[in-house]
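Peer 1: Need a 3D model of the sequence below.
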Amino acid sequence: MLKQRLWTAGILIPVVMLSILYLPTAILQWLIAGIIVLAAIEWFAIIGYSGRNKMILAMVVLAIISSLVWLLPIDTSMLMPLIVWGLILLIVCRYAHRALPACMQTLLMKRFNALILASLVLALFGHGAVMLHQSSVLGPQQVVFVMVLVWLADTGGYFAGKKWGKTPLAKAISPNKTWEGVAGALVLGGIWAFIGYGLGISGSVSLPQWLFLSFIVLLISIVGDLFESLFKRSHNVKDSGNLLPGHGGMLDRIDSLIAAVPVFTSGLFLLGVF
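Peer 2: Numbering: from 1, shown residues only. Model (predicted):
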């Protein structure tokens, strides 16, 4: 398993990084769309849209919602990720250690409701990634920054949680995650945020603003991971798929990024970067 994970990561990470840094947004946006479609196939199957006709219907819904997001005024589209992920944060915090009530079960398990929510989250991710990439000359570097921030946070959280983890973070959602792991994620992510600022990736953003935004995004990335776990637990699924050897499905790999990227983009927008 570890060997598979290393091989997969060793091949994909350089390809992803080079694509982000050197491809124009006009081309990269299609690669992002492809990733979203792969993740959507897995997510929609979890919800119950596994047949051909049902999957086509689900993809049409995703396309409509994505189009609507792009048609919104930029102020509205940049505010939406903060609202959506703020509400998801409240749900995760409220039900971190207790079973979901009937109303929340309905939201996550009733197929059409779950389809709308999943499609909205994926659409906001795609919109945020493309907008960030094309925002300025530093856009591609900032996309890489937020991706590395999430990966390092995941690594720091894993090792700190494994070595010192005792206090459950969200026992009812993901029993293995701990507050000590969150602390490890913050430490490693904080170091990377300082490095990013030193490299000039922050652009015109001040150091306090950059660090504050980085920590918020890091915490939201953990919420994204927990949100996918909540979905999978509600539908009695362990992994979203097996597309990536040693890593599970595409959705398992980008669950933190679908939260972090649009929130990071919205944060930079509110700070006047673009």
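Peer 1: can you give me the helices for the stretch 51-200 of the chain?
Peer 2: Remark: helices assigned in the stretch 51-200 of the chain by DSSP state H, counting those that start in this stretch are 52-71, 74-94, 102-109, 111-134, 139-164, 179-198.
Peer 1: can you tell which of these is closest to Ser266?
Peer 2: With distances scored as C-beta to C-beta, the stretch of the helices of the stretch 51-200 of the chain nearest to Ser266 is helix 74-94 (4.8 Å). For glycine as for every other residue, the C-beta is placed from the backbone atoms N, C-alpha and C.
Peer 1: doesn't Leu270 make contact with Val205?
Peer 2: No: between Val205 and Leu270 there is no contact under C-beta atoms under 8 Å: 10.7 Å.
Peer 1: follow-up on the earlier one: can you lay out the helices of the stretch 51-200 of the chain as JSON lines showing mean pLDDT?
Peer 2: Below are these laid out as JSON lines (pLDDT from 0 to 100):
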{"stretch": "helix 52-71", "mean pLDDT": "95"}
{"stretch": "helix 74-94", "mean pLDDT": "94"}
{"stretch": "helix 102-109", "mean pLDDT": "73"}
{"stretch": "helix 111-134", "mean pLDDT": "94"}
{"stretch": "helix 139-164", "mean pLDDT": "92"}
{"stretch": "helix 179-198", "mean pLDDT": "94"}
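Peer 1: And the residue sitting furthest away from the middle of the chain, how far from Val60?
Peer 2: Of all residues in the chain, Asn53 sits farthest from the chain's C-alpha centroid, using C-alpha atoms, centre = their mean; the distance is 27.7 Å. Note on Asn53: its distance to Val60, by C-beta to C-beta, to the nearest Å, is 11 Å.
Peer 1: Adjacent strands (with direction) for the longest strand belonging to the chain?
Peer 2: What stands out as the longest strand in the chain, according to DSSP state E, is strand 174-178. Within its sheet, and counting by DSSP bridges, strand 174-178 is paired with strand 168-170 (antiparallel).
Peer 1: Please state the offset of the partner strand from the chain centre?
Peer 2: Computed by C-alpha atoms, centre = their mean, to the nearest Å, the separation of strand 168-170 from the middle of its chain amounts to 19 Å.
Peer 1: contacting residues around it?
Peer 2: 92, 96-97, 175, 177-179, 181-182, 222, 226 (C-beta atoms under 8 Å, 6 or more residues apart in numbering).
Peer 1: and the longest strand of the chain with helix 74-94, angle?
Peer 2: On the basis of axes from the mean of the first three to the mean of the last three C-alpha atoms, to 10 degrees, strand 174-178 is oriented at 100 degrees to helix 74-94.
Peer 1: For strand 174-178, buried residues please.
Peer 2: Across strand 174-178, burial judged by 16 or more other C-beta atoms under 10 Å covers 174, 177-178.
Peer 1: Hmm, which of those residues is lowest in pLDDT?
Peer 2: Lowest pLDDT of these: Ser174, 86.
Peer 1: Quick one: distance of the biggest helix by length in the chain to the chain centre.
Peer 2: Taking DSSP state H as the criterion, the chain has its longest helix at helix 207-234. Averaging C-alpha positions (C-alpha atoms, centre = their mean) puts helix 207-234 8 Å from its chain's average.
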